[in-house]
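>>> Sharing a sequence plus its predicted fold:
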Amino acid sequence: MLIRLGFVALSLLLHDASPNKTITYKSYTNLPEDPEVRLYRLQSLVRENINNTKRILIHANTHNIKIYRLTSKLIPLATHPDVISWDYAAEFHEEFHSIGNYIRDNDMRISAHPDHFTIINSPKKEVLDSSIKDLEYHGRIMDAMGLSPKIGKLVLHVGGSYDSKFKAVQRFIQNFINLPTHIRDRIILENDDKIYTAQEVLDICRQIKAPMVLDIHHHWCNNNGEHIGNLLEDIFNTWGEQSLPPKIHVSSPKCDKNIRAHADNVDVKFFYDFVSTAKEINRDFDVMIEAKNKDKALFKLIDDLRNYKNIDFVNDAAFKI
């Protein structure tokens, strides 16, 4: 069973390499009202973000890290209704193309995770419209990199429960079905830490035929007594028609008083216990580390796993058990 590890957005090992350089809307409005000045500011930020994304990808690949999540902040204020509209995909065509080629040439797995305001089961039309706009933005970035929906995935939560969880689920399913195909085919669903359990998300994924990302920290916070070992094979089977292996998310609680927040690093026993459970199914899968220490947490987890004699390391970021 091969397990590959990856990290989210930022590298804490590279100097001055943030792909999240941005500007607030207030600061944007304080710029001179000349459209060229405002556009130049946005272009400068995007250029830096794209360059740093490429640096991070090279850094990751150098260490055999093949799993990486793009930041959602690559294009500052991209979906803000009152910000100048511009074709950033065309403007940075060569840069996006270069990143996409690098990803494909090195067999890297790329995803993005629209933020918690992207809710397609909201009963409010304006929230739904805004959410679709955000999904289109993320899809446009993937398209600009030449990453097809089979490869470039968008992780999404089901959303809120509102006045009726049953109605909220039905609304999610209907709105999902109505999404444009090029967006719908990118979406993979994740269980959350407060509302929708792994079992509930699995049931939805079966209905809409979408892959499921299991977050084992969220499952620990939010479940109805289900043992993850009884769900895991069915969760992995939602990836049956995909070209990518199943993927999970892992993080550890920050502290006893704040169990939902992510700790700096991953508790190795928590992770190893899950891996031992997954071994009973014996299928390859990928892991997105959501710890605060990003790539540093990945390398620490690898070092901690060296204490287990039944683990064989393939490289800096993958192992077999």
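All right, it came through fine.
>>> In contact with residue 197, which residues?
With Cβ atoms under 8 Å, 6 or more residues apart in numbering as the criterion, the residues that contact residue 197 are 191, 219, 222-224, 226. (Glycine included, C-beta is placed from N, CA and C.)
>>> Going by neighbour count, which of those residues are buried?
Members of the contacts of residue 197 that pass the buried threshold by neighbour count (16 or more other Cβ atoms under 10 Å) are listed as 191, 219, 222-223.
>>> Make a markdown table from those and add pLDDT, secondary structure and distance to residue 18 to it.
What follows is those, written out as a markdown table (pLDDT from 0 to 100; DSSP: H, G, I helix; E, B strand; the rest coil; distance: Cβ to Cβ, whole Å):
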| residue | pLDDT | secondary structure | distance to residue 18 |
| --- | --- | --- | --- |
| 191 | 98 | coil | 29 |
| 219 | 98 | helix | 31 |
| 222 | 97 | coil | 31 |
| 223 | 97 | coil | 35 |
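>>> Among those residues, which one lies nearest to residue 255?
For the buried ones among the contacts of residue 197, the residue nearest residue 255 by Cβ to Cβ is residue 222; the value is 17.7 Å.
>>> Settle this for me: the closest one is touching residue 194, isn't it.
Yes - distance between residue 222 and residue 194: 5.8 Å, which falls inside the contact criterion (Cβ atoms under 8 Å).
>>> Who are the contact partners of residue 92?
Residue 92 makes contacts with 46-47, 50, 144, as judged by Cβ under 8 Å, 6+ apart.
>>> circling back: for the buried ones among the contacts of residue 197, give me CSV that also has distance to residue 249.
As requested, these are exported to CSV (distance: Cβ to Cβ, whole Å):
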residue, distance to residue 249
191, 9
219, 10
222, 13
223, 15
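>>> State the distance from residue 169 to residue 24.
To residue 24, residue 169 is 35 Å away according to Cβ to Cβ, to the nearest Å.
>>> More neighbours: these two, which one.
residue 169 (20 against 10; other Cβ atoms under 10 Å).
>>> Hmm, that one is touching residue 160, no?
No - here residue 169 lies out of contact with residue 160, judged by Cβ under 8 Å, at a distance of 10.8 Å.
>>> Name the residues contacting each of those two.
Overlap between the contact sets of residue 169 and residue 160, as judged by Cβ under 8 Å, 6+ apart, is given by residue 121.
>>> helix, strand or coil for residue 260?
In three-state terms, and counting by DSSP: H, G, I helix; E, B strand; the rest coil, residue 260 is strand.
>>> quick one on the thing from earlier: what is the most widely separated pair among the contacts of residue 197?
It's 191 and 224 that sit farthest apart of those, by Cβ to Cβ, at 11.6 Å.
>>> Give the other helices and strands that the lengthiest helix in the chain contacts.
Ranked by residue count under DSSP state H, the longest helix found in the chain is helix 35-62. Packed against helix 35-62 by the contact rule (3 or more Cβ pairs under 8 Å, 6 or more residues apart in numbering; DSSP states H and E) you find strand 67-70, helix 88-91, helix 93-105.
>>> go with 10 Å
With contacts defined as 3 or more Cβ pairs under 10 Å, 6 or more residues apart in numbering; DSSP states H and E, the packing partners of helix 35-62 are strand 2-8, helix 25-30, strand 67-70, helix 88-91, helix 93-105, helix 294-305.
>>> Please enumerate the shared neighbours of residue 222 and residue 194.
Taking Cβ atoms under 10 Å, 6 or more residues apart in numbering as the contact criterion, the residues that touch both residue 222 and residue 194 are residue 260.
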